[in-house]
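> Sharing a sequence plus its predicted fold:
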Amino acid sequence: MSLQGRHDMCRMLVILAAMAISLSVASGSALAIGITPGGTTIDFKPGLEKEVPFTIINNEHKDMDVVVYVKEGPYSDWVALYDTIMTFSSDDDSKGSKYSVRLPQSVEKPGTHQVDIVAMELPKEKEGGGAFVGATTAVVTQLLVRVPYPGKYATLDLAVSEAQAGEPVNFFVKARNLGTEDISNAKATLDILGPTNEKIATLESGESGIGAKSMKEFKLTWTGQTNPGVYHAVVTLRYDGKVTTAEKNFAVGNLYIDVLSIDVKDFRLGGVAKFNINIENKWNDKITGVYGNLIIEDDNGQSVADVKTASTDVGALERKEIYAYWDTEGVKVGDYDARFILHYSGRTTEKDLKTHVEVSDIRVDIMGLGAGAVTVETTGAGGTSNMIMLLVVALIGINAGWFFYFRRRSEQR
């Protein structure tokens, strides 16, 4: 069968299975099949003919049929498939196929043009015939054809390195000349803006040429005082009398709210103790929905209180007081272990406490206040790294203490 005949047959199969496409979105079997590579990029050349391989992966190792088709679009006739139906057994990890690309002699519209090649698991029929049953999965590999612009034409991509507060921030500006002529002089200027769009810093690169259909990367480094928070970068490329820009948000450090102090005033045992909890937002933007849990335990580890503060918003770099209330009826004089856990934006800051209860006073000591709190991300693994770092710092301090201790003893001898 000719390639065109295979293409027509594929279209008919797609029409029969079109009802199943919507099922793939809501289906739990969204990873039943995979496809690699996700995309292939080629530069336009008049009349170019090229074969592009791809692989379909049987992730669930099951028996299935997969239909392959070219999604209809303005450039779909550039692609012809070699296989329109691929049959997999449970023993097949994957199967390879390919499609041929045949480009026209010219393309009127410059830029990047996309063609989608879709692989879709065919739903099974009921035993004895009848309607299709079950859900299907569809995956896509893309053909991207870059058609050059006449003259000089640059585009920008901006990447930003991760950095903690006080560390340098590196910006990588990728300038691509998609035109047919070389760029003689190009220079990148990057403005860093704060949360209220105030300009904080301006960085400039040196000048450089960029060849036709080539790329040049400019590296810029911000070494100023970087506080934790979200910033906005605007990069401008000026080249041979033309200008293009790109923008991107980036973060420095980790979103964090500290617990500064906890105290109780005007207390009488048997009454309701009001805990005044002072917190500080170290982030340069408002954090909404902040609340805390105060958990108090007796000597046996049994909870005698588990109270929650009201939810509140904390402004950028703001200090704020929130309150927790503990009904002490039936509570005895003595020392209690406690924890205060502050919740915000999927993270927590936790403080271990020693609570000393007297008849007319409650004193709250925050354990390890000088060392700061450990911030744990509840939506990822970043908290583990912070905990390990804290332990490493503690061990270094202990080892240093022993070193000076033994050195002093040796000198005394």
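Thanks, I have it.

> where does the protein have low pLDDT?
Low-confidence segments of the chain (pLDDT under 70): 1-31, 125-136, 368-413.

> Could I get the full set of helices for it?
Assigned by DSSP state H, the chain shows helices spanning 3-26, 382-412.

> Show me the domain layout of this structure.
Listed domain ranges for the chain are 3-147, 154-252, 257-380, 388-413 (source: automatic domain parsing).

> Which parts of the stretch 301-413 of the chain are strands?
303-308, 312-314, 319-327, 334-344, 347-357, 362-366, 374-377 (DSSP state E, counting those that start in this stretch).

> Please render those as a markdown table that adds distance to Lys98 to the earlier fields.
Quick note: C-beta positions are derived from backbone N, CA and C, even for glycine. Shown next, in a markdown table, are the strands of the stretch 301-413 of the chain (distance: least, C-beta to C-beta, whole Å):
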| stretch | distance to Lys98 |
| --- | --- |
| strand 303-308 | 60 |
| strand 312-314 | 56 |
| strand 319-327 | 62 |
| strand 334-344 | 51 |
| strand 347-357 | 48 |
| strand 362-366 | 65 |
| strand 374-377 | 44 |
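
> Tell me which of the ones you listed lies nearest to His232.
Within the strands of the stretch 301-413 of the chain, the stretch nearest His232 is strand 312-314; the backing value is 21.3 Å (C-beta to C-beta).

> The closest one: partners in the sheet, and parallel or antiparallel?
Each strand paired with strand 312-314, and its direction, by DSSP bridges: strand 287-297 (antiparallel).

> Give me the distance between Gly179 and Ala188.
The spacing between Gly179 and Ala188, counted by C-beta to C-beta, to the nearest Å, is 17 Å.

> Among the two, which residue is more densely surrounded?
Between Gly179 and Ala188, counting by other C-beta atoms under 10 Å, Ala188 is the more crowded of the two (27 against 20).

> That one reaches Glu207, doesn't it?
No - at 9.5 Å, Ala188 does not count as touching Glu207 under the criterion of C-beta atoms under 8 Å.

> and Pro150, how far is that from Thr196?
41 Å.

> and Val118, how many residues sit next to it?
Counted with other C-beta under 10 Å, residues neighbouring Val118 total 17.

> err, Asp306, not the other one
Using other C-beta under 10 Å, Asp306 has 12 other residues around it.

> what are the bridge partners for the residue lying closest to it once chain neighbours are set aside, then?
Closest residue to Asp306 apart from its sequence neighbours, by C-beta to C-beta, 6 or more residues apart in numbering: Ile295 at 5.1 Å. Following DSSP bridges, Ile295 is listed with bridge partners Asp306, Arg339.

> can you tell me which residues contact Ile295?
303, 305-306, 338-341 (C-beta atoms under 8 Å, 6 or more residues apart in numbering).

> of all the residues you listed, which comes closest to Leu122?
Nearest to Leu122 among those is Ile341, at 51.1 Å by C-beta to C-beta.

> tell me the contacts of that closest one?
Listed by C-beta under 8 Å, 6+ apart, the contact set of Ile341 reads 292-293, 295, 348-351.

> Quickly note the distance from it to Pro195.
27 Å.

> got it, and Phe54?
As for Phe54, its distance to Pro195 is 44 Å (criterion: C-beta to C-beta).

> So if I had to pick from those two, which one is more boxed in?
Just comparing Phe54 and Pro195: by other C-beta under 10 Å the higher neighbour count belongs to Phe54, 19 against 14.

> Report the contact partners of the more buried one.
Counting by C-beta under 8 Å, 6+ apart, Phe54 has contacts 35-37, 96-99, 117, 141.

> What subset of those is buried?
35, 97, 99, 117, 141 (16 or more other C-beta atoms under 10 Å).

> how about those residues, which pair is most distant?
Across the buried ones among the contacts of Phe54, no pair lies farther apart than Ile35 and Tyr99, at 12.0 Å, counting by C-beta to C-beta.

> what about burial for the contacts of Ile295, which qualify?
The neighbour-count criterion (16+ other C-beta under 10 Å) marks 305, 338, 340-341 among those as buried.

> hang on, the earlier thing: tabulate the contacts of Ile295 (a markdown table), appending distance to Val359.
Output for these, formatted as a markdown table (distance: C-beta to C-beta, whole Å):
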| residue | distance to Val359 |
| --- | --- |
| Ser303 | 23 |
| Ala305 | 18 |
| Asp306 | 24 |
| Ala338 | 19 |
| Arg339 | 24 |
| Phe340 | 23 |
| Ile341 | 28 |
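
> Just give me the closest of the residues you listed to Arg363.
When the contacts of Ile295 are compared against Arg363 (criterion: C-beta to C-beta), the nearest one is Ala338, at 11.6 Å.

> Beta-bridge partners for the closest residue to the closest one other than its chain neighbours, please?
Spatial nearest neighbour of Ala338, excluding adjacent residues (C-beta to C-beta, 6+ apart): Leu353 at 3.9 Å. When assigned by DSSP bridges, Leu353 has beta-bridge partners Ala338, Ile366.

> which ones are touching Leu353?
Neighbouring residues of Leu353 by C-beta under 8 Å, 6+ apart: 262, 337-340, 364-367.

> of all these, which two lie farthest apart?
Pairwise over the contacts of Leu353, using C-beta to C-beta, the maximum falls at Ile262 and Asp337, 14.0 Å.

> Of those two, give the one with the bigger neighbour count.
Higher neighbour count among Ile262 and Asp337: Ile262, with 23 against 15, using other C-beta under 10 Å.

> Leaving out sequence neighbours, find the closest residue to that one.
Using C-beta to C-beta, 6+ apart, the closest residue to Ile262 is Val364 (4.4 Å).

> what about the one you found, neighbour count?
Val364: 22 neighbours (other C-beta under 10 Å).

> Now do the contacts for Pro110.
Contacts of Pro110 were listed using C-beta under 8 Å, 6+ apart, and they are 147-150, 153, 178.

> Closest one of those to Asp240?
The shortest approach to Asp240 among these belongs to Tyr153, at 10.6 Å (C-beta to C-beta).

> quick one, strands of the stretch 151-300 of the chain?
Using DSSP E, counting those that start in this stretch, strands in the stretch 151-300 of the chain cover 154-160, 169-177, 183-193, 199-204, 208-210, 214-222, 229-239, 242-252, 257-264, 272-281, 287-297.

> Return the set of buried residues in the fifth one.
For strand 208-210, burial by neighbour count (16+ other C-beta under 10 Å) applies to 208, 210.
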